[in-house]
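# Just to be clear, the model below is a prediction. Sequence and coordinates:
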Amino acid sequence: MLAGEGPPPADTRGWAAEVKWDGMRVIVAVAADGAVRAFARSGADATARYPELQSLSRLAGVAPVVLDAEVVALAPGTGIPSFERLQQRMTLRQPDRIRAARARIPVTPMVFDVLRHRGEPVTGRSYLERRGLLDRLDLPHDGSVAAPPAWIGADVPAAVEWTRERGLEGVILKRLASVYQPGRRSQDWVKVKFRPTVDVVIGGWLADARGEPRSLLLGKPDGEGLRYIGSCGSGLSAAQRSLLLPLLREAAAGRSPFTAGPPLPVADIRWVQPLLRGEVQYAEVTDAGSLRQPAWKGLRGLAGE
DNA sequence: TTCCGACAGTGGGGTCGCAAT
DNA sequence: ATTGCGACCCCACTATCGGAA
């Protein structure tokens, strides 16, 4: 089940709030013999990637049991998930490397729903009932997994503030009376994200087959130079592309305006003078200094204005 | 008739593994 | 030994189409 997106409901009675964890979604199945298997959203078997999940074999007493969870890698000392750290764990398949990496980068499965319990599907039961089932599970207490709290009803607004202040990615609001709809995106779950925006300067662009901008190379003024902070193609509608094209052509330049930053794309870049300002929304800044999940929000004028 | 949900296709950062160099 | 590229991971967003309201 996936969440829809939108403003939080005005009246949060009848709703619950949970932290939106930035990680990898997994469905975990525990069999009666204690065997634990995990599956990614694509359906791919993710069991070998996360040995931490094996501690869930202690749920064999209520097996077959199926859980919904988000695997996260917490940045040390903060309690904030770091997607970059998680990526370093995702594709480590060899057993020896898993063991080595596990010591370096622990991950925590955040269990937030129960889909099957004692072999019986419980997706048709309400969120509140399933949450009760989850709270009564005999989860390990060694820190290998966690079932983060849910705020109910009147506590929802405070939960939103608490989550925002801590720098977490957002919250998921869930209708207390809703059932679990596997594979569906439903408005019974509403995702509220706290995404920052940044003012950027366009320093170049990549053309699509028709010669219109496919993506923009973005920079941020940095001392006396322009620091490259990544490319952005998401959010460029047909209207935005045709609006940008003449401006980009007019600002065409012979060489790169960028003076610092992570590596530029290798494909043929069309440079422009750093004149056009815009606004971009993003998830976070990577260690290399690039924007993750950048989305174009529109032109904001000319540089220097 | 209009609107919504599902789907496919575009774009991003990043990692890994493999083939070509 | 180094590179380039595709396959995976996460995802945002646009455009399209068919069916429900």
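Alright, I've got the coordinates. Just so it is clear, the structure is predicted and the values come from calculations on it, not from any experiment.
# Do the longest helix along chain A and DNA strand B come into contact?
In chain A, assigned by DSSP state H, the helix with the most residues is helix A:238-250. No - Helix A:238-250 does not reach DNA strand B (CB under 7 Å from any atom of the strand); its nearest approach is 10.6 Å. For every residue, glycine as well, the C-beta is placed using N, CA and C.
# Pull the residues that contact that helix.
A:202, A:205, A:211-213, A:216, A:236, A:270, A:272, A:276, A:296, A:298-299 (CB atoms under 8 Å, 6 or more residues apart in numbering).
# Report the contact partners of the spatially closest residue to A:L276 that is not a sequence neighbour.
Among residues not flanking A:L276 along the chain, A:I202 sits closest, at 4.4 Å (CB to CB, 6 or more residues apart in numbering). A:I202 makes contact with A:L216, A:L217, A:L218, A:G219, A:L248, A:A251, A:V272, A:P274, A:L275, A:L276, A:R277, A:G278, according to CB under 8 Å, 6+ apart.
# Format those residues as TSV; extra columns: pLDDT and secondary structure.
Shown next, in TSV, are those (pLDDT from 0 to 100; DSSP: H, G, I helix; E, B strand; the rest coil):
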residue	pLDDT	secondary structure
A:L216	93	strand
A:L217	93	strand
A:L218	94	strand
A:G219	93	strand
A:L248	94	helix
A:A251	92	coil
A:V272	93	strand
A:P274	93	coil
A:L275	93	coil
A:L276	94	strand
A:R277	93	strand
A:G278	93	strand
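# What's the mean pLDDT across the helix or strand following the longest helix of chain A?
Per DSSP states H and E, the first helix or strand lying C-terminal to helix A:238-250 is strand A:270-271. Mean pLDDT, strand A:270-271: 91.
# For strand A:270-271, enumerate the helices and strands it packs against.
strand A:197-207 (3 or more CB pairs under 8 Å, 6 or more residues apart in numbering; DSSP states H and E).
# Spell out whether the strand it packs on and DNA strand B are in contact.
Yes - using CB under 7 Å from any atom of the strand, we find that strand A:197-207 touches DNA strand B at A:L206.
# Tell me what angle that strand forms with helix A:238-250.
Here strand A:197-207 points in a direction 70 degrees away from that of helix A:238-250 (axes from the mean of the first three to the mean of the last three CA atoms, to 10 degrees).
# Sheet-wise, list the partners of strand A:197-207 with their directions.
Strand pairing for strand A:197-207, determined by DSSP bridges: strand A:213-222 (antiparallel), strand A:270-271 (antiparallel), strand A:276-281 (antiparallel).
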